[in-house]
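Trainee: I'd like to go over a predicted model; first the sequence, then the structure.
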Amino acid sequence: MGMRVRTGMLKAGGLVLFVAGWAVGAGAQGAQAGAAAGAASGTATPHHAAAVRPTAAATRPVTAATPPMGWNSWNYFAGKVTDKDIRDTADLLVETGMRDAGYVYVNIDDTWEGGRDANGKIQSNEKFPDMKALADYVHSKGLKLGIYSSPGAKTCARFEGSLGHEEQDAATYAEWGIDYLKYDLCSYSGVMRAQFPNDPAAQNKMMREAYEKMHQAIGKTGRPMVYSLCQYGWDSVWEWGPQVGANLWRTTGDISANFDRMSLIGRSQAGLAKYAGPGHWNDPDMLEVGNGRLTLDENRTHMTLWAMLAAPLIAGNNLTEMKPEIAAILMNKEAIAIDQDALGKQGDRVLADGPLEIWAKPLKGGAGHKSAAVAIFNFGETASEMRKDSLHLKEMGFAGAVTARDVWAGKDLGRIGDDYKFTVPRHGVVLLVVR
Ligand code: GLA
């Protein structure tokens, strides 16, 4: 598979955590709905805060207190997405139970954009006849609507971008009722290069300023929006994303619906845990669960990796043809709870022994006891029996045996010691919650 793994080479970043003390809702959906409804960006003014009900000691509410959950049109529909696809998806998020499992954002990716009118106001194209009506529809289902643009003149699919119209576009999104913006660098990298050829530092400064400009523009609208940066993980974005108001930032190039690409992206997140936390998340791209020819084991590996990474869970499959076994993976409550855990700690790799890897993610756990999610991945081509690999419980901070629950098997295992062996299928995973 020729992957290279990034470990221990990340500098400490100047990370800014804007907020503390915001109450996270009871379940995954509570957290999402709370974050969305009460959200304000990092530059929230007091009147944003007044719109929500903070806990006693809270300063400001946090947008995306837990990793955002929802659905995005790109991975399946790409350039073909229409108003009808979005409405169908909204209906099905409710009917399948996905909304109640936490998937509340319905995000329109690239190719919705039309031109601009005489006043420069962005128009949607013929695939989206009335964006405000669509937002009303999505909201009527208890869901949130997301949209997409670029700091460049053109988006990645060469539709109209926001360059020179940032405030106007943010105001239009707010008028329509948009709750989430994915802002994709695309053609702006050409602007940066043209202005400062051979000067990466100056290019980086331009990029940060472009992201900050839209952050400010969103703040000015007074409407809370989740702010999602997409610039493919360039220039160690995790070190500065929070400073430009990002609630999440892509850490890699595009995912695709095959095991090698998905697992390469997921495994390359080792070492990034310290940059994630409530309000600001590493985003290894949207889910391909249910897409392409991923097998059930591969889909479970994908869902597990993303949950261990506290990654945004943005489904990308066609819900009109979702199979029950795919729904069961996307809606596994215990896997979602790991992703959405209130501690907000991203997991990291504890062991790599060839294709066998063990990752751990600290969990909030119950009163007075330590808890963690432990994933044993087999990225290899034949089943593994972990013959010479222990669970490495000590490295996770457990003194001796632990009480374990097998998430995908839905089974309590009782007490297990460090030398407990699992059989992990090819491209498969065992996911445990231990305490
Ligand atoms: C880039 C992004 C993708 C998607 C497309 C749309 O490739 O990384 O996630 O938004 O643009 O054109």
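Mentor: Yep, that arrived. Numbers count the residues shown, from 1 in each chain.
Trainee: Please make it C-alpha for all contacts and neighbour counts, starting now.
Mentor: Noted.
Trainee: Tell me where the stretch 101-250 of the chain has strands.
Mentor: Counting by DSSP state E, counting those that start in this stretch, the stretch 101-250 of the chain has strands at residues 105-107, 113-116, 122-124, 144-149, 180-184, 226-230, 248-250.
Trainee: residues making contact with the fifth one?
Mentor: Counting by Cα atoms under 8 Å, 6 or more residues apart in numbering, strand 180-184 makes contact with 105, 107, 109, 144-151, 155-156, 211, 225-231, all of which sit outside it.
Trainee: Tell me who's in contact with I416.
Mentor: I416 neighbours (Cα under 8 Å, 6+ apart): 401-404.
Trainee: Got the phi and psi for it?
Mentor: In terms of degrees, to the nearest 10, the main-chain angles of I416 are phi -130, psi 150.
Trainee: And for the one 10 residues further on?
Mentor: Torsion angles at R426 (phi, psi; degrees, to the nearest 10) stand at phi -50, psi 130.
Trainee: Now do the contacts for it.
Mentor: If you count contacts by Cα under 8 Å, 6+ apart, then R426 has 297, 378-384 around it.
Trainee: switch to 7 Å and redo it
Mentor: By Cα atoms under 7 Å, 6 or more residues apart in numbering, R426 lies in contact with 378-383.
Trainee: From the residues you listed, keep the buried residues only.
Mentor: Among the contacts of R426, those that count as buried by neighbour count (16 or more other Cα atoms under 10 Å) are 378-380.
Trainee: I'd like those as CSV, with pLDDT and distance to the ligand appended.
Mentor: Shown next, in CSV, are the buried ones among the contacts of R426 (pLDDT from 0 to 100; distance: Cα to the nearest ligand atom, whole Å):
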residue, pLDDT, distance to the ligand
N378, 98, 27
F379, 98, 25
G380, 98, 27
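Trainee: Could you list which of the residues you listed belong to strands?
Mentor: Here DSSP state E is the test, and the buried ones among the contacts of R426 give N378 as lying in strands.
Trainee: got any ranges where the stretch 301-435 of the chain has weak pLDDT?
Mentor: Within the stretch 301-435 of the chain, the segments meeting pLDDT under 70 span 366-367.
Trainee: Could you measure from the residue nearest to S187 when sequence neighbours are not counted over to E166?
Mentor: Once flanking residues are discounted, S187 sits nearest to G152: 5.0 Å by Cα to Cα, 6 or more residues apart in numbering. As judged by Cα to Cα, to the nearest Å, G152 and E166 stand 10 Å apart.
Trainee: Compare neighbour counts for the two and give me the winner.
Mentor: G152 (24 against 21; other Cα atoms under 10 Å).
Trainee: Wait, that one touches F159, no?
Mentor: No: the criterion here is Cα atoms under 7 Å, and G152 misses it with F159 at 10.2 Å.
Trainee: and the residue nearest the centre of the chain, what are its phi and psi?
Mentor: Geometric centre of the chain, nearest residue: P312, 1.8 Å, by Cα atoms, centre = their mean. P312 adopts backbone torsions of phi -50, psi 140, taken as degrees, to the nearest 10.
Trainee: And for the one 3 residues further on?
Mentor: Main-chain torsions, A315, degrees, to the nearest 10: phi -60, psi 150.
Trainee: do the same with N258
Mentor: According to degrees, to the nearest 10, N258 has phi -140, psi 150.
Trainee: Now flag whichever of the contacts of I416 is closest to D179.
Mentor: Nearest to D179 out of the contacts of I416 is A404 (Cα to Cα; 38.6 Å).
Trainee: Next, the contact list for that closest one, please.
Mentor: 412-416, 432-435.
Trainee: Next, format the strands of the stretch 101-250 of the chain as a markdown table and append distance to N72, mean pLDDT and mean neighbour count.
Mentor: Converted to a markdown table, the strands of the stretch 101-250 of the chain look like this (distance: least, Cα to Cα, whole Å; pLDDT from 0 to 100; neighbours: other Cα atoms under 10 Å):
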| stretch | distance to N72 | mean pLDDT | mean neighbour count |
| --- | --- | --- | --- |
| strand 105-107 | 5 | 99 | 28 |
| strand 113-116 | 16 | 98 | 16 |
| strand 122-124 | 17 | 98 | 19 |
| strand 144-149 | 8 | 99 | 24 |
| strand 180-184 | 10 | 99 | 25 |
| strand 226-230 | 12 | 98 | 26 |
| strand 248-250 | 14 | 99 | 27 |
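Trainee: okay if I get those strands as CSV plus distance to A257?
Mentor: CSV is the format used below for the strands of the stretch 101-250 of the chain (distance: least, Cα to Cα, whole Å):
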stretch, distance to A257
strand 105-107, 19
strand 113-116, 26
strand 122-124, 29
strand 144-149, 21
strand 180-184, 20
strand 226-230, 19
strand 248-250, 17
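Trainee: Reformat those strands as CSV; add distance to the ligand.
Mentor: Below are these laid out as CSV (distance: least, Cα to the nearest ligand atom, whole Å):
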stretch, distance to the ligand
strand 105-107, 10
strand 113-116, 11
strand 122-124, 16
strand 144-149, 8
strand 180-184, 6
strand 226-230, 6
strand 248-250, 8
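Trainee: which parts of the stretch 51-200 of the chain sit against the ligand?
Mentor: Proximity of the stretch 51-200 of the chain to the ligand (Cα under 6 Å from any ligand atom) is limited to residues 109-110, 156-157.
Trainee: Report the separation between E160 and A273.
Mentor: 35 Å.
Trainee: The two: who's more crowded?
Mentor: E160 (23 against 20).
Trainee: Roughly how far does that one sit from the ligand?
Mentor: 11 Å (Cα to the nearest ligand atom, to the nearest Å).
Trainee: Could you verify my assumption that that residue touches P151?
Mentor: No: E160 is beyond contact range of P151, at 10.1 Å (criterion: Cα under 7 Å).
Trainee: which residues of the stretch 101-250 of the chain fall in helices?
Mentor: In the stretch 101-250 of the chain, the helices defined using DSSP state H, counting those that start in this stretch lie at 131-140, 166-176, 188-195, 200-221, 237-240.
Trainee: Could you report the pLDDT at the closest residue to the ligand within the stretch 251-400 of the chain?
Mentor: Relative to the ligand, the nearest point of the stretch 251-400 of the chain is D254 (5.1 Å; Cα to the nearest ligand atom). D254 carries a pLDDT value of 98.
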